[in-house]
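*Asks:* coords below, sequence missing:
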DNA sequence: GTCATATTAGATAGATCGATCTAGTGAGAA
DNA sequence: TTCTCACTAGATCGATCTATCTAATATGAC
């Protein structure tokens, strides 16, 4: 068909929501950024802004999950180094984008937690998928599954919070420090080699 | 004077920004929630929404900093228990408020990081003040000042991220797990008793 | 080629946004 | 009292928001 308008709208939405949040991004801005005609927006997303939001969250979530798995797969056995690598990806992304590209959904997640149940739920599912991917990596390194799930939640929380701090302060210090402490903490949980 | 209109506007702003974010909160909603006449808003805050936002951030930040210091003071020597207590405060606040009261400024911080330099700076200052308060507590427990500053950044990041997860999932699990891991990590850094 | 459908085009509605303005009210100072 | 000034009241402005609507135009099936 050679028509990727829908995809462009989705990616423009994901990028803008990531930077400016949900309420702070207008549909007009999305169509402009996506190079899509206004009429197409409600054609592809008849549910309006909320549908666009939900799909953008899921889209960003799935892409980031692949990044998780790719990082863990590339790291092989050394799970601690994988964690460090993943933090480093965010360091690079923040610096490269001028502190715009933090977590793809955290901004929206906080905004909509008390204002839109469908969007909150979409965010919760994404976080759960990331936690699961993280937990698989930790379990693969020999940590008992139940403990791996707990540590995945912890590591994800530390990661998200470090992004909040680094993006706000325009300084990667929080991400770098948090990466080291989390890496050390996780190493201590690994089974004796 | 017996006129606390300005204060009511400030507190209503702080509460609404905390729940719904900056862009998602209208000035009309603020005056209504604060029981203040529309005309008063631009009388007390001639700088408009941005001034109101900056002052609300500083207001929330100072109040939360006192909560930090109060928790640390009450805990006496046992810094690890202080950390646990502080996480517990958030657990209680989230449950009591129906998952509305998370971090007082995180939602706004993420939103404005790429859209308003004055507001971003206000958030950065608040985070710095919390880190400093945290670091004082850790240093008071015998951790070398430089390391205390690092651990404060780490603990604050973990705390913020856990709030993001708990508020989004409507489950205090992330906060509870993160509190335990962080507490264990910090205990290992304390000088031998 | 013809027809049905998918997509685009963009005007428009109706609401709400932040901000400004003038007029009015009220309490305390002189 | 009378004056002054902090504060309130709320209409109003232009911009922007989401959403809907009708036409026009492509596109692919047959």
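*Replies:* Happy to help now that I have it. Quantities reported herein were computed from a predicted structural model and do not represent experimental measurements.

*Asks:* just how off-centre is stretch A:73-84 within its chain?
*Replies:* How far stretch A:73-84 lies from its chain's middle: 19 Å, per C-alpha atoms, centre = their mean, to the nearest Å.

*Asks:* how about the helices in chain A?
*Replies:* Secondary structure of chain A, counting by DSSP state H: helices at A:5-20, A:27-33, A:38-44, A:48-75, A:79-96, A:106-112, A:117-140, A:145-169, A:173-189.

*Asks:* which of those is buried the deepest?
*Replies:* Mean neighbour count (mean count of other C-beta atoms under 10 Å in any protein chain shown) peaks for helix A:106-112 among the helices of chain A, with a mean of 30. The way it works is simple: take the backbone N, C-alpha and C, and place the C-beta from them, glycine included.

*Asks:* one step back: would you mind giving the helices of chain A as JSON lines with mean pLDDT and distance to residue B:92 added?
*Replies:* Shown next, in JSON lines, are the helices of chain A (pLDDT from 0 to 100; distance: least, C-beta to C-beta, whole Å):
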{"stretch": "helix A:5-20", "mean pLDDT": "96", "distance to residue B:92": "31"}
{"stretch": "helix A:27-33", "mean pLDDT": "95", "distance to residue B:92": "39"}
{"stretch": "helix A:38-44", "mean pLDDT": "93", "distance to residue B:92": "43"}
{"stretch": "helix A:48-75", "mean pLDDT": "92", "distance to residue B:92": "29"}
{"stretch": "helix A:79-96", "mean pLDDT": "95", "distance to residue B:92": "31"}
{"stretch": "helix A:106-112", "mean pLDDT": "98", "distance to residue B:92": "19"}
{"stretch": "helix A:117-140", "mean pLDDT": "96", "distance to residue B:92": "21"}
{"stretch": "helix A:145-169", "mean pLDDT": "98", "distance to residue B:92": "18"}
{"stretch": "helix A:173-189", "mean pLDDT": "97", "distance to residue B:92": "25"}
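
*Asks:* where's residue A:111 relative to residue A:183, distance?
*Replies:* 31 Å (C-beta to C-beta, to the nearest Å).

*Asks:* Also residue A:94?
*Replies:* 19 Å.

*Asks:* what's the answer for residue A:60, then?
*Replies:* 25 Å.

*Asks:* Over to residue A:15?
*Replies:* 30 Å.

*Asks:* what's the answer for residue A:64, then?
*Replies:* Residue A:64 is 20 Å from residue A:183, by C-beta to C-beta.

*Asks:* what's near enough to touch the closest residue to chain B within chain A?
*Replies:* Going by C-beta to the nearest C-beta, chain B is nearest to residue A:161 of chain A, at 3.0 Å. Each residue near residue A:161 by C-beta atoms under 8 Å, 6 or more residues apart in numbering or on different chains is listed here: A:178, B:156, B:157, B:158, B:159, B:160, B:161, B:162, B:163, B:164.

*Asks:* Confirm for me that residue A:21 is in contact with residue B:20.
*Replies:* No - here residue A:21 lies out of contact with residue B:20, judged by C-beta atoms under 8 Å, at a distance of 10.4 Å.

*Asks:* Tell me if stretch A:67-80 is near chain B.
*Replies:* No - for stretch A:67-80, no contact with chain B is found by C-beta under 8 Å from any C-beta of the partner chain; the gap never falls below 14.5 Å.

*Asks:* Not counting that stretch itself, show me its contacts.
*Replies:* Contacts of stretch A:67-80 (C-beta under 8 Å, 6+ apart): A:81-82, A:85-86, A:89, A:130, A:133-134, A:136-138, A:140-141, A:183, A:186-187, A:190.

*Asks:* Which residues of chain A lie near DNA strand C?
*Replies:* When proximity is defined by C-beta under 7 Å from any atom of the strand, chain A lies next to DNA strand C at A:1, A:3, A:5, A:36, A:37, A:38, A:39, A:40, A:42, A:43, A:44.

*Asks:* pLDDT score for the fourth one?
*Replies:* The one in question is residue A:36. Among the per-residue scores, residue A:36 shows a pLDDT of 90.

*Asks:* tell me the contacts of it?
*Replies:* Per C-beta under 8 Å, 6+ apart, neighbours of residue A:36: A:5, A:8, A:9, A:12, A:30.

*Asks:* dump the residue contacts of the first one.
*Replies:* For residue A:5, the contact set (C-beta under 8 Å, 6+ apart) comprises A:34, A:36, A:37, A:40, A:44.

*Asks:* please redo it, this time with the cut-off set to 7 Å
*Replies:* By C-beta atoms under 7 Å, 6 or more residues apart in numbering or on different chains, residue A:5 lies in contact with A:36, A:40, A:44.

*Asks:* how much space between whichever residue of chain A sits closest to DNA strand C and residue A:17?
*Replies:* Using C-beta to the nearest atom of the strand, the closest approach of chain A to DNA strand C is made by residue A:39 at 2.2 Å. To residue A:17, residue A:39 is 22 Å away according to C-beta to C-beta.

*Asks:* repeat for residue A:71
*Replies:* 23 Å.

*Asks:* Likewise for residue A:163?
*Replies:* In terms of C-beta to C-beta, residue A:163 sits 15 Å off from residue A:17.
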